[in-house]
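J.: Just the structure for this:
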Amino acid sequence: MKKWKSRVDELKYMFFNAKSFFKLADLGRKYACDQKLPNIEKAGYVFSHIVNYAFACELYIKLFLKWFDECNKLSNSHKLSSLLSSCPDKLQNEIYDKVQYMYKRRNTALCKCEFWKKMKSINNVYKKCRYFYDNDLTQGVDCEFLTFFSYVLDNMASSLIEHLK
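T.: Numbers count the residues shown, from 1 in each chain. So this is what the prediction gives:
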């Protein structure tokens, strides 16, 4: 395990690592929506944005665990719902509220039970989709939820890091 000069340096490194995957996912999502590209090329962008959003989410959640000194709950797991469940309840509720707000802006309701069902649909998406040729592709992946969830985590992590400057 790498030794850091300070906890702040480690948190910033974790943030910028997650942020880079988030930005790549965003770029992939934009290309996946480009009507001028052939479908075969779009498919590659669809997978890249799903995989990169999922990995960014994993890294953001691990950043939160580190931030709240829940290091004993850090693992090599890619399971997003398990990682989120390891976070303090207050943080889980804040994430839920912000994702719920994004759904409300689309005139769609999202109760807490539905939130956790959707979390389970993206639970292992990084592992499932990174080798898309070995699996049943993105079947069952709630891409809208994954996108909303990743935007919420990115925004919350950005706010945390601002406090460190």
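
J.: switch to C-alpha atoms for all contacts and neighbour counts from now on
T.: Will do.

J.: which strands and helices sit next to the worst-scoring helix or strand of the chain on mean pLDDT?
T.: Counting by mean pLDDT, DSSP states H and E, the chain has its least confident helix or strand at helix 125-129, which shows a mean of 76. When contacts are defined as 3 or more C-alpha pairs under 8 Å, 6 or more residues apart in numbering; DSSP states H and E, helix 125-129 sits against helix 39-67.

J.: tell me the centre residue of the chain?
T.: Closest to where the C-alpha atoms of the chain average out (C-alpha atoms, centre = their mean) is Cys57, at 2.0 Å.

J.: ok, which stretches of this protein are helices?
T.: 7-32, 39-67, 80-85, 89-105, 112-121, 125-129, 143-162 (DSSP state H).

J.: For those helices, which has the smallest mean pLDDT value?
T.: Least confident of the helices of the chain, judged by mean pLDDT, is helix 125-129 with a mean of 76.

J.: quick revisit: what's the most buried one of the helices of the chain?
T.: The highest average neighbour count among the helices of the chain, using mean count of other C-alpha atoms under 10 Å, belongs to helix 39-67 at a mean of 22.

J.: list the helices and strands that helix packs on?
T.: On a contact count with 3+ C-alpha pairs under 8 Å, 6+ apart, helix 39-67 meets helix 7-32, helix 80-85, helix 125-129, helix 143-162.

J.: can you list those helices in CSV and add distance to Lys62?
T.: Output for the helices and strands packed on helix 39-67, formatted as CSV (distance: least, C-alpha to C-alpha, whole Å):
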stretch, distance to Lys62
helix 7-32, 8
helix 80-85, 7
helix 125-129, 15
helix 143-162, 11
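
J.: do you know which of the ones you listed lies nearest Ala109?
T.: For Ala109, the closest of the helices and strands packed on helix 39-67 is helix 143-162, at 12.5 Å, according to C-alpha to C-alpha.

J.: what helices or strands is the closest one leaning on?
T.: With contacts taken as 3+ C-alpha pairs under 8 Å, 6+ apart, helix 143-162 sits against helix 7-32, helix 39-67, helix 89-105.

J.: Any chance of a markdown table for these, columns distance to Glu144?
T.: A markdown table is the format used below for the helices and strands packed on helix 143-162 (distance: least, C-alpha to C-alpha, whole Å):
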| stretch | distance to Glu144 |
| --- | --- |
| helix 7-32 | 11 |
| helix 39-67 | 10 |
| helix 89-105 | 10 |
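
J.: among those helices, which is nearest Leu80?
T.: Judged by C-alpha to C-alpha, the one of these that comes nearest to Leu80 is helix 39-67, at 6.1 Å.

J.: Now do the closest one against helix 7-32, angle only.
T.: Relative orientation of helix 39-67 versus helix 7-32 (axes from the mean of the first three to the mean of the last three C-alpha atoms, to 10 degrees): 160 degrees.

J.: Lovely, talk soon.
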